[in-house]
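# Sequence first, then the predicted structure, then my questions.
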Amino acid sequence: MDESGNSGRPQPGAGAGGTDPGTGPDKGKPGRREEPGGGILMGRPFGVPVYVAPSWFLVAALITWVFGGQLDRVLPGLGAARYLVALFFAIAFYASVLVHELAHTVVALHYKLPVRRIQLQFFGGVSEIEKESETPGREFVLAFVGPLLSLVLAGVFYIPLNFVERGTVPGVLLGGLMISNLIVAVFNLLPGLPLDGGRMLRAVVWKITGRPMSGTVAAAWVGRALAVITLIGLPLLTRTGSFGNNTDDLSGMDTVIDALLAAVLAAIIWTGAGNSLRMARLREHLPDLRARALTRRAVPVEAATPLSEALRRANEAGARALVVVDGNGDPKAVVREAAIVSVPEHRRPWVAVSGLAQDLTDDMKVPAELAGEALLDRLKASPATEYLVVEDTGEIYGVLSTADVERAFVAAMARPAA
């Protein structure tokens, strides 16, 4: 299963955050950041880190066990060596998945879309592309190139298959890799998010309506329908022998495994479709996140000013933040809200604001006109709890709290799309 797209929710003042169950607006240089929890770093093709998630080892063991059991019937003379052959198949299959994801990555980089990482995990791979395609045409190409490469790989494995005996180890491996890549391609072409086919459908609807959100809504609901069909239909198809399997050999355990597999696939598709809707809603409301609108009015105070006096001045001015300035009125530090709250009221007349302030750096000065993704990128580049918002002239406009940005984020996610 493949999902290429944007993933994760940006966290102001912290790190941010798709085969692809998920798609977020976090910019960065490909391959420059380490991702906690990403798994084992295997390399950096095209500058993009490739990770193997711990869940991959579970599915690799499962493939080795299942495929090894099948080899016992096809090549009984292998003995225990059949599990080595099956393990080789599992590794080769995921190498094919990596090629699929690299196809997404190469096209994304060609379109100047940053790619955070590629991760091989339980049900395939994820290409975490951090920005939205600018046009529906680019979106279509970016989505289609993955299944196309899987189809090409199926053909690549089919050609030598004609020159080897089918009942041999090379024949079984080539046949298995051909079929598995064909399945990956066909499955990902299904027209529902978060699959590549869903992104292609989204691009088509986007092109027709002129609204990317309309494309996302259509493809996400088709994805949810696919999840229901998978949950119900996959076990039924297996039970009726629609996959060419012998129904007489099916045991109760086989039925349970088929049902669990269908449930996991359905859950991944349903969750991915929902995530796509949420991220699309966020992108639609992202321009509403403006530094000027979110900034708290601030009053300038000198470093030796008692906290009680500073708060009195702020209350009189209707301000909610304090900025420490020097004798010339130039800002030097921002008084942290958390530090103010931690000082008991009876001690505030004896506590100077300088002891509660965080020294300002150039990275903590945010232009008042910043908005949307540019604002989030600026905050993520220099994590802090408060930032000084300044006009183009350098004049103090106020203080921006990451807590306020986070609340605005939550509100944007909750609002229905227009």
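Perfect, I can see it now.
# which stretches of the stretch 101-250 of the chain aren't confidently modelled?
Across the stretch 101-250 of the chain, the ranges flagged by pLDDT under 70 are 239-250.
# Ramachandran angles for Val152?
Main-chain dihedrals, Val152, degrees, to the nearest 10: phi -60, psi -40.
# Can you give me the buried ones in stretch 40-55?
Going by neighbour count (16 or more other C-beta atoms under 10 Å), the buried part of stretch 40-55 is 48-53. Heads up, the C-betas are built off the backbone N, CA and C, glycines and all.
# Show me the residues you listed that map onto strands.
50-52 (DSSP state E).
# any idea which of these is closest to Arg117?
Tyr51 (5.9 Å; C-beta to C-beta).
# List the contacts of that closest one.
35, 38-42, 117-120 (C-beta atoms under 8 Å, 6 or more residues apart in numbering).
# Please repeat the previous calculation with a cut-off of 6 Å.
The contact partners of Tyr51, taken as C-beta atoms under 6 Å, 6 or more residues apart in numbering, are 38-39, 41, 117, 119.
# of those, closest to Phe57?
Gly39 (9.5 Å).
# how near is the closest one to Arg138?
29 Å (C-beta to C-beta, to the nearest Å).
# can you check Leu182 too?
For Leu182, the distance to Arg138 - C-beta to C-beta - is 26 Å.
# Asn328: neighbour count?
5 (other C-beta atoms under 10 Å).
# which SS class is it?
coil (DSSP: H, G, I helix; E, B strand; the rest coil).
# next one: the one 5 residues further on
Assigned by three-state DSSP, the conformation of Ala333 is strand.
# Give me the number of neighbouring residues for it.
21.
# Just grab the bridge partners of it for me.
Assessed by DSSP bridges, Ala333 has beta-bridge partners Val324, Asp359.
# ok, now which ones touch it?
Here Ala333 is in contact with 324, 357-360 (C-beta under 6 Å, 6+ apart).
# Recalculate using a threshold of 8 Å.
Per C-beta under 8 Å, 6+ apart, neighbours of Ala333: 303, 323-324, 354, 357-360.
# Among these, the buried ones, what's the ChimeraX command?
Command for ChimeraX, covering only those of those found buried under the criterion 16+ other C-beta under 10 Å:
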select :323,324,354,357,358,360
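# want to throw the contacts of Ala333 into CSV with distance to Leu388 and pLDDT?
Below are the contacts of Ala333 laid out as CSV (distance: C-beta to C-beta, whole Å; pLDDT from 0 to 100):
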residue, distance to Leu388, pLDDT
Ala303, 15, 94
Val323, 6, 96
Val324, 10, 95
Ser354, 16, 93
Ala357, 11, 93
Gln358, 10, 92
Asp359, 11, 93
Leu360, 6, 92
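# want to throw the buried residues of stretch 40-55 into CSV with pLDDT and distance to Asp392?
Listed next are the buried residues of stretch 40-55 as CSV, based on pLDDT from 0 to 100; distance: C-beta to C-beta, whole Å:
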residue, pLDDT, distance to Asp392
Val48, 95, 36
Pro49, 95, 38
Val50, 95, 43
Tyr51, 94, 42
Val52, 93, 48
Ala53, 91, 46
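# Format those residues as TSV; extra columns: distance to Ala333.
Putting the buried residues of stretch 40-55 into TSV (distance: C-beta to C-beta, whole Å) gives the following:
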residue	distance to Ala333
Val48	39
Pro49	37
Val50	43
Tyr51	40
Val52	45
Ala53	43
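# Of those residues, just say which sits nearest to Ser308.
Nearest to Ser308 among these, with distances taken as C-beta to C-beta, is Pro49, at 51.2 Å.
# Could you report the distance from the closest one to Arg116?
From Pro49 to Arg116 the distance is 8 Å (C-beta to C-beta).
# Same question for Arg313.
45 Å.
# higher neighbour count, the two?
Arg116 (28 against 14).
# For the stretch 251-400 of the chain, which segments count as strands?
Ranges of strands in the stretch 251-400 of the chain, per DSSP state E, counting those that start in this stretch, are 298-302, 321-325, 331-335, 357-359, 365-367, 386-390, 396-401.
# could you dump those to JSON lines with distance to Arg378?
Below are these laid out as JSON lines (distance: least, C-beta to C-beta, whole Å):
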{"stretch": "strand 298-302", "distance to Arg378": "18"}
{"stretch": "strand 321-325", "distance to Arg378": "18"}
{"stretch": "strand 331-335", "distance to Arg378": "15"}
{"stretch": "strand 357-359", "distance to Arg378": "17"}
{"stretch": "strand 365-367", "distance to Arg378": "6"}
{"stretch": "strand 386-390", "distance to Arg378": "8"}
{"stretch": "strand 396-401", "distance to Arg378": "10"}
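# ok but His167 is inside a strand, no?
Not His; residue 167 is Gly. No. Remark: Gly167 does not belong to a strand; assigned using three-state DSSP, it is coil.
# ok, now which ones touch it?
By C-beta under 8 Å, 6+ apart, the neighbours of Gly167 are 74-75.
# any idea how far Pro49 is from Gly43?
Pro49 is 8 Å from Gly43, by C-beta to C-beta.
# how about the helices in the stretch 51-200 of the chain?
Ranges of helices in the stretch 51-200 of the chain, per DSSP state H, counting those that start in this stretch, are 54-74, 82-110, 136-161, 169-188, 196-209.
# So, low pLDDT: which residues of the stretch 251-400 of the chain?
251-255.
# Repeat the analysis, applying 90 as the threshold.
251-266, 268, 272, 274-289, 327-329, 362-363, 371-384, 392-394 (pLDDT under 90).
# is it true that Ser214 touches Ala203?
No. Counting by C-beta atoms under 8 Å, Ser214 does not reach Ala203; the two are 11.4 Å apart.
# Between these two, which is the more surrounded one?
When Ser214 and Ala203 are compared for neighbours, Ala203 comes out ahead with 24 against 16, by other C-beta under 10 Å.
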